[in-house]
Structure formats: C-alpha cells, structure tokens
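Participant: Just the structure for this:
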Amino acid sequence: MNGEVPNIKKWVVLYPVYINSKKTVAEGRRISLAKACENPTCAEIADCCNHLKVPNAIEIDKAYPRDFMQRGRVRVQLKKEDGTLSNPAIPTRKQLMLQVAELVPRHPGRTKKQEAPSTSSTAGSSKSGKGGRKKR
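Facilitator: Here you go, the predicted structure:
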C-alpha cells in the first residue's frame with residue numbers, strides 16, 4: 001500500500017445486523033433467514049473477510065442506526081482505486097454478505113463457545129414431560 005493510509009470512507013459498510021438470523025428484515029437483516037447466522041460480531045466478520053482475502057477495517061465506535069445499542073461495523077474494500085475487484089469471486093456486497101454468513105458459524109472462536117452450552121442442555125432435557133395439565 002506504499003505506506004499510505006487507505007481512504008476507507010469509500011469502502012462498503014457491513015453491519016453485523018445485516019447477516020443476523022435473530023433480526024427481521026424490518027430490523028435490518030439483508031439476506032435470507034436460511035442463509036443468515038446467529039448473532040455475528042464485528043471481529044468474526046473481519047476475520048472472515050481476511051479469510052476471503054478482502055481488505056477490511058473495523059470501526060468499533062460506530063453503531064447501526066436502527067439498533068444503536070449494538071456497537072461496531074466493518075468497512076470492506078470490494079473495488080480497488082482503479083476499479084478492479086479486490087476478490088474476483090465476490091463482485092457485490094450481497095455476495096460478500098452471503099459468503100461471510102456462511103463462514104461465521106465455522107469461526108474458531110464460535111465453535112468453542114457452542115460446545116460448552118450443548119453439554120449442559122442435554123442434562124436439562126430430562127425434565128421434559130413433567131407438569132402441565134392432565135388430559136381427561
């Protein structure tokens with residue numbers, strides 16, 4: 001990059017809400033529910049962009065306007081200064097969202113988090129069928 005700081009103002013913005021399966025379209029989700037992932041973070045999205053060889057920058061202090069309590073967004077460079085694609089396999093922002101949403105569930109930090117709750121949920125499932133109204 002010749003020692004110059006890239007102008008990230010012109011890069012595409014990717015909020016975690018765009019690929020969150022817990023959000024509705026009205027709340028900001030931009031891809032189909034079947035392809036979205038559950039509660040992605042900015043760090044996971046940035047790591048996935050690095051894996052896809054797409055230049056990116058995390059902006060921690062920014063928030064999504066419809067959900068300002070969730071902080072952070074990722075700026076991504078889809079096209080270089082001369083107009084050529086950074087990654088020819090990802091021509092559009094929609095394609096980028098689909099690729100990232102596919103990679104986030106396989107993120108190394110996420111797989112460790114999901115293993116711990118799955119063991120505790122099997123112990124709690126033995127209570128099923130108890131209580132409730134009796135049939136006559």
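
Participant: so where do the strands sit in this protein?
Facilitator: Taking DSSP state E, the strands of the chain run over residues 12-14, 56-64, 67-76.

Participant: Figure out how far the second one is from the centre of its chain.
Facilitator: Relative to the centre of its chain, strand 56-64 is centred 13 Å away, using Cα atoms, centre = their mean, to the nearest Å.

Participant: ok so, going back, mind putting the strands of the chain into TSV with mean neighbour count and distance to residue 40?
Facilitator: All C-beta spots, glycine's among them, are computed from the backbone N, C-alpha and C. Compiled in TSV, the strands of the chain are given as follows (neighbours: other Cβ atoms under 10 Å; distance: least, Cβ to Cβ, whole Å):
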stretch	mean neighbour count	distance to residue 40
strand 12-14	18	10
strand 56-64	15	12
strand 67-76	17	10
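
Participant: Could you dump those strands into CSV and include mean pLDDT and distance to residue 97?
Facilitator: As requested, those are exported to CSV (pLDDT from 0 to 100; distance: least, Cβ to Cβ, whole Å):
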stretch, mean pLDDT, distance to residue 97
strand 12-14, 92, 7
strand 56-64, 92, 13
strand 67-76, 91, 10
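
Participant: wait, which of these is closest to residue 30?
Facilitator: Nearest to residue 30 among the strands of the chain is strand 12-14 (9.6 Å), distances taken as Cβ to Cβ.

Participant: Just the residues contacting that closest one, thanks.
Facilitator: Residues from elsewhere that reach strand 12-14, judged by Cβ atoms under 8 Å, 6 or more residues apart in numbering: 45, 73-78, 93, 96-97, 100.

Participant: Please dump those residues into TSV; it should also carry distance to residue 62 for every row.
Facilitator: Converted to TSV, those look like this (distance: Cβ to Cβ, whole Å):
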residue	distance to residue 62
45	13
73	5
74	10
75	9
76	14
77	17
78	19
93	17
96	18
97	18
100	18
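
Participant: before we move on, back to that, for the strands of the chain, could you give me TSV that also reports distance to residue 106?
Facilitator: Formatted as TSV, the strands of the chain follow (distance: least, Cβ to Cβ, whole Å):
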stretch	distance to residue 106
strand 12-14	18
strand 56-64	18
strand 67-76	18
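
Participant: Nearest to residue 49, out of the ones you listed?
Facilitator: Smallest distance to residue 49 across the strands of the chain (Cβ to Cβ): 4.1 Å, for strand 56-64.
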